[in-house]
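A.B. asks: Sequence plus the predicted model coming up.
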Amino acid sequence: MRAIEAKTFSGYDGLRQTELPKPQPAKDRVLVRVMAASVTPLDHTILSGGHPRAKAPLVLGNEGAGVVEDSGDSGLTVGSRVMFTGPYSVRENGTWQEWLLAKPEDLALVPDSIDDVVAASLPVAYLTAQVTLTLAGFKPGKTVMAPEFVLAG
């Protein structure tokens, strides 16, 4: 399978397209065909050598969206669309590959109204917003102002 792998953590010059074996179904894992993978600040941190637990070579990407190909004993239905985030790209190969063995607890179903690219970008952004609102004491009935910033070119 095709993957984008960081051969070294020396910046973007360390990235290479490579062929890796397709992951085989495993106990307590779900085999997902990756349809879209996002890029987050964590990828830059790892690629720059700034994460102490990440060891090259490593496939980066810690969130994405795809289709369940083998659900194992997770209870998910083969063919389900899912989005995911987890420890991928730190302790194990990440989402910048054609298939991923994901932990069932890292998966969330994706509604038909959300396309793969949008779904792949939601997990980290959603969690960031959720943690921020929780720390700010947000509760039902409160209002949040979300100004829109537009950059002119």
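C.D. replies: That came through, no problem.
A.B. asks: Identify the bridge partners of the residue nearest to Ala26 when sequence neighbours are not counted.
C.D. replies: Excluding its sequence neighbours, the residue lying closest to Ala26 (C-beta to C-beta, 6 or more residues apart in numbering) is Leu101, at 5.7 Å. (Glycine included, C-beta is placed from N, CA and C.) Listed beta-bridge partners, Leu101: Leu31 (assigned using DSSP bridges).
A.B. asks: can you count the residues close to Ser80?
C.D. replies: 16 (other C-beta atoms under 10 Å).
A.B. asks: Could you do Pro41 as well?
C.D. replies: For Pro41, the number of neighbouring residues by other C-beta under 10 Å comes to 8.
A.B. asks: For Gly50, see how far away it is.
C.D. replies: 10 Å (C-beta to C-beta, to the nearest Å).
A.B. asks: Report how many residues lie close to Lys142.
C.D. replies: Burial measure for Lys142: 9 neighbouring residues, criterion other C-beta under 10 Å.
A.B. asks: Spit out the contact partners of it.
C.D. replies: If a contact means C-beta atoms under 8 Å, 6 or more residues apart in numbering, then Lys142 has no contacts.
A.B. asks: next one: Tyr88
C.D. replies: By C-beta under 8 Å, 6+ apart, the contact set of Tyr88 is 61-63, 94-95, 100, 102.
A.B. asks: quick one, strands of the protein?
C.D. replies: Assignment of strands within the chain using DSSP state E yields the ranges 2-6, 15-19, 30-37, 58-59, 63-70, 81-85, 99-102, 107-109.
A.B. asks: How about exporting the fifth one as CSV, limited to the C-alpha atoms?
C.D. replies: Think strand 63-70. What follows is strand 63-70, C-alpha atoms only, in CSV (Å, rounded to 0.1, in the frame of the first residue of the first chain):
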residue,chain,number,x,y,z
GLU,A,63,-6.7,12.0,12.3
GLY,A,64,-8.7,11.1,9.2
ALA,A,65,-11.9,9.6,7.8
GLY,A,66,-12.5,6.3,6.0
VAL,A,67,-14.6,3.2,5.5
VAL,A,68,-14.6,0.1,7.8
GLU,A,69,-13.3,-2.9,5.9
ASP,A,70,-12.9,-5.4,8.8
